[in-house]
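Q: A structural model of the following input is requested.
(chains A and B)
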Number of protein chains: 2
Amino acid sequence: MSEKLNQLKEILGEVSDLNHAASVLSWDQNVNMPPMGGEARGQQMATLGKIAQEKFTNDQVGKLIDELKNQFPPASDEANLVRVTARNYDKAKRVPASFVAEQALATAKSFDAWVEAKGKSDFSIFQPHLEKMVELVQRYISFFPAGNHPYDTLLDDFEPGMKTSEVQEIFSALRPKQVDLLKKIKSAKQVKADFLHKKYNEKKVWDFSETIITQFGYDWKRGRQDKAPHPFETSFSVNDVRITNRFEADNPLATLFSAMHEAGHALYEQGVNPAYERTSLANGVSLAVHESQSRMWENLVGRSLPFWEYFFPQIKKLFPAQLAGVNVKSFYKAINKVEPTFIRVNADEATYNLHVMLRLELEIGMVDGTMKVKDLPEIWNAKMQEYLGITPPDNARGVLQDVHWSSGLIGYFSTYALGNLVSAQLWEKINKDIKGLDDQIRAGQFETLLGWLREKIHVHGRKYDPQDLVQKITGSKIDPTAYTRYLTRKYSDIYGL
Amino acid sequence: MSEKLNQLKEILGEVSDLNHAASVLSWDQNVNMPPMGGEARGQQMATLGKIAQEKFTNDQVGKLIDELKNQFPPASDEANLVRVTARNYDKAKRVPASFVAEQALATAKSFDAWVEAKGKSDFSIFQPHLEKMVELVQRYISFFPAGNHPYDTLLDDFEPGMKTSEVQEIFSALRPKQVDLLKKIKSAKQVKADFLHKKYNEKKVWDFSETIITQFGYDWKRGRQDKAPHPFETSFSVNDVRITNRFEADNPLATLFSAMHEAGHALYEQGVNPAYERTSLANGVSLAVHESQSRMWENLVGRSLPFWEYFFPQIKKLFPAQLAGVNVKSFYKAINKVEPTFIRVNADEATYNLHVMLRLELEIGMVDGTMKVKDLPEIWNAKMQEYLGITPPDNARGVLQDVHWSSGLIGYFSTYALGNLVSAQLWEKINKDIKGLDDQIRAGQFETLLGWLREKIHVHGRKYDPQDLVQKITGSKIDPTAYTRYLTRKYSDIYGL
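A: Predicted coordinates for the structure are as follows:
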């Protein structure tokens, strides 16, 4: 068996090398590539993707999987490696290469159309392309056995094992609580946050962001932070996990929270068992669990009062003029200011999930045919009014704002909100396990927290399915109550509800 | 035929994509990679190389080549594409994959041993590894039909069509002239150059290097310059041609000449016919012709008096204290100061080729067995005394100085000197074709020069073999007389010979 396992690992290793090479090319495209390099880069990445797909869907992989199934103790790394590989193989085999090529071509055109449509705030430019994207995901779904809901197939690619009905149930419980909380906040006295939008020196902010994530435990011998149009995390191996960030003059301190967010992803990737390298068990297990890590470091840690009790004197020393008259409590309130906004990526913790829920409803409607693409702008605006109490002045700040659908990424959004929920579930468990965690954070100490995350989550990579992992750690599957408790407590304090 | 040609081009395109992806990974390794990323990166690059090799040596490629041979007019791009592909295919097929893997493994060990040996200046640490490298190149040679000299096989990989006997003949004519010139310079009054080694601000030097190469015509929309341990040029497509550079505090202005050198390579790559992209005709044709471009911009242009008549006022304005009391003539003399040195990469134009000739003699001796590896330090030092009149104080500054042999790169060195010779041959022809070129350079105008190089050399990529290209342009094959004339004239002026 061990010889066959090695044969399988050798193929998986080559596929992993090809995918990681493509990730390097993509990172370079975002961080370094000169303006005219794009066309050749696109071809190079398409070739790497095609060869990786060919190698992985080779019948020999299927044969090895069949021979290796049920040959190892169920809880072993080997059994889980075979199990996860079998699932990925089954998915990859179902989708014809010709479909992948057609989708890639249509997606490139759709992306260009979306850029133009968003620029002109004209949905009609994007509409036929979005219709094509929906048709393509419907065809994609048709390659798989019918589940309870066609959307299950899409969701499973991002959150293995998760069902549409489960997400709907979670969101149904959560939505009224968040809408209600938001109403209470809106009727309370608003906090002052103008000092966050003064002029801050970019280099000082950038360096301070690195001070913070260094203290979190981000390992610079195995990573780096670069400027890019959008913040993201990417890994080329457990020993090369990079993050990007940006600086926006009108929202200068967002750089700090982006660094904490991406470092949260990166700490996860840097903590996966090195023995899983170049196999199906490498990397974080799902988007929701990944997002639980990034949101925990960004929000549960980075937007907490104990955190700023430690770091506020430092930032005040860096920016004495900008923060004149501001104390740690008023700073804490300002960075947690709640204000419904049209744009998801700028949303605060009290409203973020509402943006996501709106998108999920529209995605499900598109996929099962209960909503027509042409009606989406109207539906979008109505739901914005219902959930957030505001109506976008144009489609650029409405239905056209996100890149995801233009790239055929349908099934992805809900993981952002699920990640928030998981972060709060974990946080309650962490605070039971680590006594005095607030005091540690107040002293700028994060080793115990990181050690806990490493042991409970990071090291396992993809060995356990996401819902099983959350259950194993917290005693229940993904559940909205911890997040509701967290939000209510936090905003009751800040807004005196 | 056009369908079969397209089939061939599709395979060549994928091979090119894989090789360019590997180049991106290598560039990143030199410029960005965090310290611990090396092991995974090595695996990724090995996988890309292996798959590229497998795809290129697939029998289908051979079949397509056979079917496409003699199907196109001999001078056409198509005929030359098939011809060059056939040559590369024949070479690739002769070398077993198992040999390539063995060589890669031995080379990695040899490189590590060389690093240690150089650090300790202890040849005995490197000796067994160099013996292994020699054994491997001898086995490599055995895969090919016997030529006049076993070294021919190695040389042909770097300089297609060039024979060992031709290089020996060229070097035999050149060596006494250079040794003689050096003796005359040594007995002349030395020029003053201490001001070149004062403290210069790194950023100002770096920015000035970019000012210069921008004026040369380096296209930043299709390139960039980054810091790396060693200067090099690399291209991922005709639209993404990058250079690296470094700053050495004890030799600060070397950054300017490295930028001009690497930009010379890059201008070549940026100028290749875009129609050759992803085929065997893309990229510069050989190392010698490539080096003729880099050395031309670095030396014939960048170390000339007209060039500094334009740029000296600028550098004097940037560094008034360092260049106090220096005028353009004394600056010109200083940057052309001749002084035999132990280290090739620091050598001036009057001595550089002598370093190369020494290495060629040792390589030929190793390969044909007339020299034993264990005797190399002694032979090296004797030849240094004979050609340059100096004896290295230790092996680190002698036989251990270059990385090439540790990586199995035997057959490469002579192209450095051949490039110098070609640069002077071209320069004589250019000055016949472009009247008043010196005046243009004196006015900071390089468009006509670059246009000439584009038309005569760059655009052709690998369509013509290097010796044919030189013949076609200058009327003769590679020949040392133009370079001898150039050196004699230049140093007679500087040293008043």
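Q: only C-alpha atoms for contact and neighbour calcs from this point on.
A: Noted.
Q: Let me see the ranges of the helices in the stretch 1-150 of chain A.
A: A:2-31, A:38-56, A:59-68, A:77-94, A:97-120, A:123-142 (DSSP state H, counting those that start in this stretch).
Q: Spit out the contact partners of the closest residue to chain B within the stretch 351-497 of chain A.
A: Here the residue of the stretch 351-497 of chain A nearest chain B is residue A:461; by Cα to the nearest Cα that distance is 17.5 Å. Shown in contact with residue A:461 (Cα atoms under 8 Å, 6 or more residues apart in numbering or on different chains): A:272, A:273, A:276, A:281, A:282, A:283, A:284, A:285.
Q: which SS class is the closest residue to the last one other than its chain neighbours?
A: Just to be clear, that refers to residue A:285. Leaving aside its chain neighbours, residue A:285 sits nearest to residue A:462 (4.3 Å; criterion: Cα to Cα, 6 or more residues apart in numbering or on different chains). Secondary structure assignment for residue A:462 (DSSP: H, G, I helix; E, B strand; the rest coil): coil.
Q: surely residue A:462 meets residue A:287?
A: No. With contact defined as Cα atoms under 8 Å, residue A:462 does not reach residue A:287; the gap is 11.4 Å.
Q: Report whether residue A:321 is found in a strand, as I expect.
A: No. Using three-state DSSP, the assignment for residue A:321 is coil, not a strand.
Q: And the one helix or strand residue A:310 maps to, what's buried?
A: Here residue A:310, judged by DSSP states H and E, is contained in helix A:305-318. Using 16 or more other Cα atoms under 10 Å in any protein chain shown as the test for burial, helix A:305-318 gives A:305, A:306, A:307, A:308, A:309, A:310, A:311, A:312, A:315, A:316, A:318.
Q: returning to that earlier point: tabulate the helices of the stretch 1-150 of chain A (CSV), appending mean pLDDT, distance to residue B:406 and mean neighbour count.
A: Shown next, in CSV, are these (pLDDT from 0 to 100; distance: least, Cα to Cα, whole Å; neighbours: other Cα atoms under 10 Å in any protein chain shown):
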stretch, mean pLDDT, distance to residue B:406, mean neighbour count
helix A:2-31, 96, 26, 19
helix A:38-56, 94, 31, 19
helix A:59-68, 98, 38, 16
helix A:77-94, 97, 39, 18
helix A:97-120, 92, 44, 17
helix A:123-142, 97, 52, 19
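Q: I'd like those written out as CSV, with distance to chain B added.
A: Putting the helices of the stretch 1-150 of chain A into CSV (distance: least, Cα to the nearest Cα, whole Å) gives the following:
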stretch, distance to chain B
helix A:2-31, 5
helix A:38-56, 5
helix A:59-68, 17
helix A:77-94, 20
helix A:97-120, 15
helix A:123-142, 27
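Q: Which of the ones you listed sits closest to residue B:295?
A: helix A:38-56 (28.7 Å; Cα to Cα).
Q: Using CSV, list the CA coordinates for the closest one.
A: Coordinates of the C-alpha atoms in helix A:38-56 are reproduced here as CSV (Å, rounded to 0.1, in the frame of the first residue of the first chain):
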residue,chain,number,x,y,z
GLY,A,38,-0.9,40.6,-19.0
GLU,A,39,-1.7,38.7,-22.2
ALA,A,40,1.3,36.4,-22.0
ARG,A,41,0.7,35.9,-18.3
GLY,A,42,-2.9,34.9,-19.0
GLN,A,43,-1.6,32.2,-21.4
GLN,A,44,1.0,31.0,-19.0
MET,A,45,-1.6,30.6,-16.2
ALA,A,46,-4.1,28.9,-18.5
THR,A,47,-1.4,26.4,-19.6
LEU,A,48,-0.4,25.6,-16.0
GLY,A,49,-4.1,25.2,-15.1
LYS,A,50,-4.8,22.9,-18.0
ILE,A,51,-1.8,20.7,-17.4
ALA,A,52,-2.6,20.5,-13.6
GLN,A,53,-6.2,19.4,-14.5
GLU,A,54,-5.0,16.8,-17.1
LYS,A,55,-2.5,15.3,-14.6
PHE,A,56,-5.1,15.2,-11.8
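Q: Please name every helix or strand in contact with that helix.
A: helix A:2-31, helix A:77-94, helix B:2-31 (3 or more Cα pairs under 8 Å, 6 or more residues apart in numbering or on different chains; DSSP states H and E).
Q: out of the ones you listed, nearest to residue B:404?
A: Closest among the helices and strands packed on helix A:38-56, using Cα to Cα: helix B:2-31, at 16.8 Å.
Q: and the direction of that closest one versus that of helix A:38-56, what angle?
A: 100 degrees (axes from the mean of the first three to the mean of the last three Cα atoms, to 10 degrees).
Q: Contact partners for the residue nearest the centre of chain A?
A: In chain A, the residue lying closest to the centroid (Cα atoms, centre = their mean) is residue A:291, at 4.5 Å. The contact partners of residue A:291, taken as Cα under 8 Å, 6+ apart, are A:265, A:415, A:416, A:418, A:419, A:420, A:423.
Q: now, which of these sits nearest residue B:493?
A: Of all those, residue B:493 sits closest to residue A:265, with 63.9 Å by Cα to Cα.
Q: Quick one: residues contacting the closest residue in space to that closest one that isn't next to it in sequence.
A: Here the nearest residue to residue A:265 in space, its sequence neighbours aside, is residue A:294; by Cα to Cα, 6+ apart that works out to 5.0 Å. By Cα under 8 Å, 6+ apart, the residues touching residue A:294 are A:260, A:261, A:262, A:263, A:264, A:265.
Q: Of the residues you listed, which belong to helices?
A: Of those, the ones assigned to helices by DSSP state H are A:260, A:261, A:262, A:263, A:264, A:265.
Q: And the helix or strand containing the residue nearest to residue A:265, how far out from the chain middle?
A: Following DSSP H and E, one finds residue A:294 within helix A:287-295. Helix A:287-295 sits 6 Å away from the centroid of its parent chain (Cα atoms, centre = their mean, to the nearest Å).
Q: and if you look at stretch A:401-413?
A: Mean-position distance between stretch A:401-413 and its chain equals 13 Å (Cα atoms, centre = their mean).
Q: Could you break chain A into its assigned domains?
A: Domains of chain A are assigned by automatic domain parsing as A:1-94, A:132-497.
Q: So for the last one, first residue to last residue, what's the gap.
A: End-to-end span of domain A:132-497 (Cα to Cα, to the nearest Å): 47 Å.
Q: For the stretch 101-250 of chain A, just list every one of the strands.
A: Listed in chain order, the strands of the stretch 101-250 of chain A (DSSP state E, counting those that start in this stretch) span residues A:225-227, A:233-237, A:240-245.
Q: deepest of those, which one?
A: Comparing those by mean neighbour count (mean count of other Cα atoms under 10 Å in any protein chain shown), strand A:240-245 comes out on top with a mean of 25.
Q: Determine the set of other helices and strands touching that one.
A: Using 3+ Cα pairs under 8 Å, 6+ apart: strand A:240-245 touches strand A:225-227, strand A:233-237, helix A:254-270.
Q: That strand pairs with which strands, parallel or anti?
A: Using DSSP bridges, strand A:240-245 pairs in its sheet with strand A:225-227 (parallel), strand A:233-237 (antiparallel).
Q: Any chance of TSV for those, columns mean pLDDT?
A: Shown next, in TSV, are those (pLDDT from 0 to 100):
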stretch	mean pLDDT
strand A:225-227	97
strand A:233-237	98
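Q: can I get the ones you listed in CSV with distance to residue A:487?
A: As requested, the strands paired with strand A:240-245 are exported to CSV (distance: least, Cα to Cα, whole Å):
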stretch, distance to residue A:487
strand A:225-227, 31
strand A:233-237, 26
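Q: near chain B, which residues of chain A show up?
A: By Cα under 8 Å from any Cα of the partner chain, the residues of chain A that approach chain B are A:14, A:17-18, A:20-22, A:24-25, A:33-37, A:40, A:43-44, A:47-48, A:220-224, A:236-237, A:239-240.
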